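Chemist: give the three-dimensional model of this entry:
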Amino acid sequence: MKTLLCFLISTTFISSSALAAPSNKSRFIPLLKTMLGDYQVVTANSPLCVDSQLSLINPVYPDAGFKLGEYIAFESLHNGTRTTKKPNFCFVTSSYKYKSDGVDNSLKMSRCIDPNNEKTIRQSIKFTSVTTLKYTQNTPAVECTFARQVD
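Modeler: Next up is the predicted model:
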């Protein structure tokens, strides 16, 4: 009986501790905020790679996402997987994997009005130092390195 009681108490404690720990997203957003600013392209293989500003889409609500210039966006930051219907387009399934040095995002377009739009795009931002970030995308193949501009 004592063994069972100890097991239940330790299981409850471990479960409570896991629930109290912040999510990876809640650790990523403060990191992202320290990296906001103006960036200059260091290396590029695509016209998507242009001197840009890394900024929050909505500074009051960081979960809305962030963008790097006009063409690179990570919208609606969430945990797990989320599917939404984009009117007159496709169902878009988005998933995020938050890391200690960045984020990976997968966007799958399915059940599209035009079947040619059905695809999966994977993009990531990796903060390689306190002043450098790397953006990659698989379709089309894009790889850019940016350095933060100091005032």
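
Chemist: geometric centre of the chain: which residue is closest?
Modeler: residue 103 (4.1 Å; Cα atoms, centre = their mean).

Chemist: show the contacting residues for that residue.
Modeler: Residue 103 makes contact with 28, 74, 77, 96-97, 124-125, according to Cβ atoms under 8 Å, 6 or more residues apart in numbering. C-beta: built from backbone N, CA, C; applies to glycine.

Chemist: burial measure for residue 48, as a count.
Modeler: Residues near residue 48, counting by other Cβ atoms under 10 Å, number 18.

Chemist: oh sorry, the question was meant for residue 141
Modeler: So residue 141, with other Cβ under 10 Å, has 9 neighbours.

Chemist: against residue 147, how distant is it?
Modeler: 22 Å (Cβ to Cβ, to the nearest Å).

Chemist: for this protein, what spans make up the helices?
Modeler: 2-20, 24-35 (DSSP state H).

Chemist: mean pLDDT lowest where, among the ones you listed?
Modeler: Sorting the helices of the chain by mean pLDDT places helix 2-20 lowest, at a mean of 37.

Chemist: excluding its backbone neighbours, what's nearest residue 65?
Modeler: residue 75 (4.0 Å; Cβ to Cβ, 6 or more residues apart in numbering).

Chemist: give me every residue that touches that neighbour.
Modeler: The contact partners of residue 75, taken as Cβ under 8 Å, 6+ apart, are 57, 64-65.

Chemist: in strands only, show me these.
Modeler: If you go by DSSP state E, the contacts of residue 75 have residue 65 in strands.

Chemist: got a ChimeraX select line for the buried ones in the contacts of residue 75?
Modeler: To isolate the buried subset of those in ChimeraX, counting by 16 or more other Cβ atoms under 10 Å, use the following:
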select :57,65
